[in-house]
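>>> predicted model and sequence below, questions to follow.
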Amino acid sequence: MEKRELIYEGKAKRVYATDQIGQVIHEFKDEATAFDGKKRGIIEGKGRVNAQMSDIIFRYLERRGIRTHHIKLLSENEILTWWLEMIPVEIIVRNYAAGSLAKRLGLPERTEMRSPLVEFYYKSDELGDPMLSREHVRELGLADEEQMDEMAAIALKVNDILRPYFEERGLVLADFKLEFGLREGRLYLGDEFSPDVCRLWDTETGEVMDKDRFRQDLGKVEETYAEVLRRIGEEETGITASVFISPKRGILDPAGQAALGALKSLGFDEVGEVRIGKYITLRLPGMEAERVMDRVREMCERLLANPIIEDYRIEIEE
Ligand SMILES: Nc1ncnc2c1ncn2[C@@H]1O[C@H](COP(=O)(O)OP(=O)(O)O)[C@@H](O)[C@H]1O
Ligand SMILES: [Mg+2]
């Protein structure tokens, strides 16, 4: 992979061409801006955190069926992605009112939304990223109806995936911004996912864990970015194995028999057979994927299952 000419330099990243057609490198910068570029500064280590966090989050989303531009992390502050023809509409999802929304609607900071809000903004530095209605998007020809619906639906799905993801890591995902683009006629999630483009609050203390620390001069900016990456990066190495165990066909399964009888007596006549098994998940930190299957099979044979009377199936997720 060869890094070629600079295609575009934005506020947070430099985008470079590569020797691979259709693939670009995003180099994440430590420079930070806020309030339409009126506030500027350097957040030491931000480029590294944002590249690595984007890598982790995009891979996580890919595994859950979201199509993203992500290919791989190249170095501590560079990612390789598909080049997208970007749609100049920013999609914001809000679980809580904060910042501009709280001000505009007169809501107290951190008011929880009845259900997640999806908003559209025009990605235009000259105009200061104004909010757009669907009519505005249509009028400006920025995206068609179908693309608007698809972007909104994907944004909500991303929220459904990431809200519990951050919750498990002690962070409330208050809001976030997504950018989409087109490749071969299909919509892809692009840009980045980092504390620059979302609001995160510590679940226990309520402490601000995102770029608001920079915007509001709250101090400990570098430390906070590093802490967010630490929380989400911790269990990154390693693999999860799921084991599904069920009684073999033809083996007497008293629990299954009982459930079958009960279902029939409730009128579920369509059921012909019930087998009741168990579901086990194993975390294997620091293990290479190639060895996992053999090891887990051995665990099943020797302890987790009884191979004489039970079948088992193993699923592996990186
Ligand atoms: N996969 C991609 N292909 C092409 N451009 C992209 C891709 N992902 C993001 N971009 C664009 O790269 C530019 C650089 O990012 P950034 O520094 O965040 O810019 P900005 O100052 O506009 O926010 C942005 O215009 C962004 O929309
Ligand atoms: Mg940006």
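Sure, I can see it. Numbers count the residues shown, from 1 in each chain. Ligands and ions are numbered 1, 2, ... in the order given.

>>> now the residue of the chain found nearest ligand 1: how far from residue 196?
Among the residues of the chain, residue 10 lies nearest to ligand 1; the distance is 2.1 Å by C-beta to the nearest ligand atom. For glycine as for every other residue, the C-beta is placed from the backbone atoms N, C-alpha and C. Look at residue 10 and residue 196: by C-beta to C-beta, to the nearest Å, they are 11 Å apart.

>>> likewise for residue 182?
Distance from residue 182 to residue 196, by C-beta to C-beta: 24 Å.

>>> when the two are compared, which one has more neighbours?
Between residue 182 and residue 196, residue 196 has the larger neighbour count (other C-beta atoms under 10 Å), namely 24 against 15.

>>> could you verify that that one is part of a helix?
No. Read with DSSP: H, G, I helix; E, B strand; the rest coil, residue 196 is coil and lies in no helix.

>>> residue contacts, it?
12, 32, 46, 50, 210, 211 (C-beta atoms under 8 Å, 6 or more residues apart in numbering).

>>> what about the last one, neighbour count?
Here the neighbour count serves as a burial measure; for residue 211 (other C-beta under 10 Å) it reads 23.

>>> need the per-residue pLDDT for it.
Note for residue 211: predicted pLDDT of 98.

>>> and the strands in the stretch 151-300 of the chain?
Secondary structure of the stretch 151-300 of the chain by DSSP state E, counting those that start in this stretch: the strands cover 171-183, 186-190, 198-202, 239-247, 278-284.

>>> picking up where we left off before, next, the residue of the chain closest to ligand 1: phi, psi?
Residue 10 adopts backbone torsions of phi -100, psi -160, taken as degrees, to the nearest 10.

>>> next, count neighbours for it.
Around residue 10 there are 13 residues (other C-beta under 10 Å).

>>> if I look at it, how far off is residue 26?
According to C-beta to C-beta, residue 10 and residue 26 sit 9 Å apart.

>>> residue contacts, the spatially closest residue to residue 128 that is not a sequence neighbour?
Spatial nearest neighbour of residue 128, excluding adjacent residues (C-beta to C-beta, 6 or more residues apart in numbering): residue 36 at 4.9 Å. Residues in contact with residue 36, defined by C-beta under 8 Å, 6+ apart, are 125, 128, 129.

>>> can you classify the first one by secondary structure?
Classification of residue 125 into helix, strand or coil gives coil, according to three-state DSSP.
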